[in-house]
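A.B. asks: Here you go, sequence then predicted model.
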Amino acid sequence: IPIATKIRITNIMTTCGSVSFLVLGVYMLLTQNINTEGYLLISVTEITYRLIVIAVITATFIIVPMYFLGKQLTTQIQQIEEYSYKIANGDLREVLARTSSDELGLMVEAVNEMRNDLHEMMKGIQIVSQKIENVGSILGNSSQNLARESQIQVIHTSDMSNSIEQMTMNIEGNSSSAEQ
């Protein structure tokens with residue numbers, strides 16, 4: 001039942017009950033305290049006192065049901081509020097139980113769906129982050145390997161250069177010896 005309907009039903013019931021009680025109380029007050037000639041048997045002060053008692057009892061019939069309805073609604077709203085703060089702070093472990101089928105129940109369902117969506121997004125972000133970390137590690141290893149290979153190439157190039165220099169000196173030495 002929607003919340004607005006619950007409130008309307010409670011208002012109608014308490015109003016009808018209160019009015020009925022008030023009318024019945026006044027009727028009993030007057031019928032029991034009027035003699036056969038139509039004169040009141042009690043004083044105006046006593047009538048006022050009894051009317052106040054009837055009004056207090058009638059107000060009780062209005063206040064008590066409204067208190068319990070208000071307490072039920074505020075308890076549900078406070079639970080949703082606390083749950084929303086947990087989600088806002090990144091705590092996605094809990095799922096709030098839906099306890100009613102009214103608007104607050106629909107709100108709980110919507111907040112739980114939002115929590116599930118956020119949880120799935122966080123999982124996706126973690127997966128992508130892990131992939132990026134893996135690619136970064138591979139790139140780092142590749143860069144280190146490339147640097148090592150480059151150093152080896154430099155050493156080989158230097159050795160080759162020394163060998164060519166040595167060969168050049170040998171050829172020049174042989175050429176000089178042959179000319180002599």
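C.D. replies: Structure's in. What do you need?

A.B. asks: Please read off the pLDDT at Val135 from the model.
C.D. replies: According to the prediction, Val135 has pLDDT 92.

A.B. asks: Just list what the helix or strand it falls within packs against, helices and strands only.
C.D. replies: Here Val135 sits within helix 103-179, counting by DSSP states H and E. With contacts taken as 3 or more Cβ pairs under 8 Å, 6 or more residues apart in numbering; DSSP states H and E, helix 103-179 sits against helix 3-32, helix 44-88. No exception for glycine: its C-beta is placed from N, CA and C like everyone else's.

A.B. asks: can I get the ones you listed in JSON lines with distance to Ala178 and mean neighbour count?
C.D. replies: Output for those, formatted as JSON lines (distance: least, Cβ to Cβ, whole Å; neighbours: other Cβ atoms under 10 Å):
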{"stretch": "helix 3-32", "distance to Ala178": "114", "mean neighbour count": "13"}
{"stretch": "helix 44-88", "distance to Ala178": "92", "mean neighbour count": "13"}
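
A.B. asks: Of the ones you listed, which shows the lowest average pLDDT?
C.D. replies: helix 3-32 (a mean of 70).

A.B. asks: Against Gln166, how distant is Ser158?
C.D. replies: Look at Ser158 and Gln166: by Cβ to Cβ, to the nearest Å, they are 13 Å apart.

A.B. asks: just to revisit the earlier point, make a markdown table from the helices and strands packed on helix 103-179 and add distance to Ser143 to it.
C.D. replies: Conversion of the helices and strands packed on helix 103-179 to a markdown table gives the following (distance: least, Cβ to Cβ, whole Å):
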| stretch | distance to Ser143 |
| --- | --- |
| helix 3-32 | 63 |
| helix 44-88 | 41 |
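
A.B. asks: Is the nearest residue in space to Gly105 that is not next to it in sequence in a helix, a strand, or coil?
C.D. replies: Sequence neighbours aside, Arg98 is the residue nearest to Gly105 in space, at 5.0 Å (criterion: Cβ to Cβ, 6 or more residues apart in numbering). Using DSSP: H, G, I helix; E, B strand; the rest coil, the structure places Arg98 in coil.

A.B. asks: Can you check what pLDDT the model gives Arg98?
C.D. replies: At Arg98, pLDDT is 87.

A.B. asks: Next, count neighbours for it.
C.D. replies: For Arg98, the count of nearby residues is 14 (other Cβ atoms under 10 Å).

A.B. asks: That one contacts Val108, correct?
C.D. replies: Yes - counting by Cβ atoms under 8 Å, Val108 is a contact partner of Arg98 at 4.7 Å.

A.B. asks: Distance check, the residue nearest to Gly105 against Gln79.
C.D. replies: 11 Å.

A.B. asks: Kindly report the same for Cys16.
C.D. replies: Counting by Cβ to Cβ, the gap from Cys16 to Gln79 is 32 Å.
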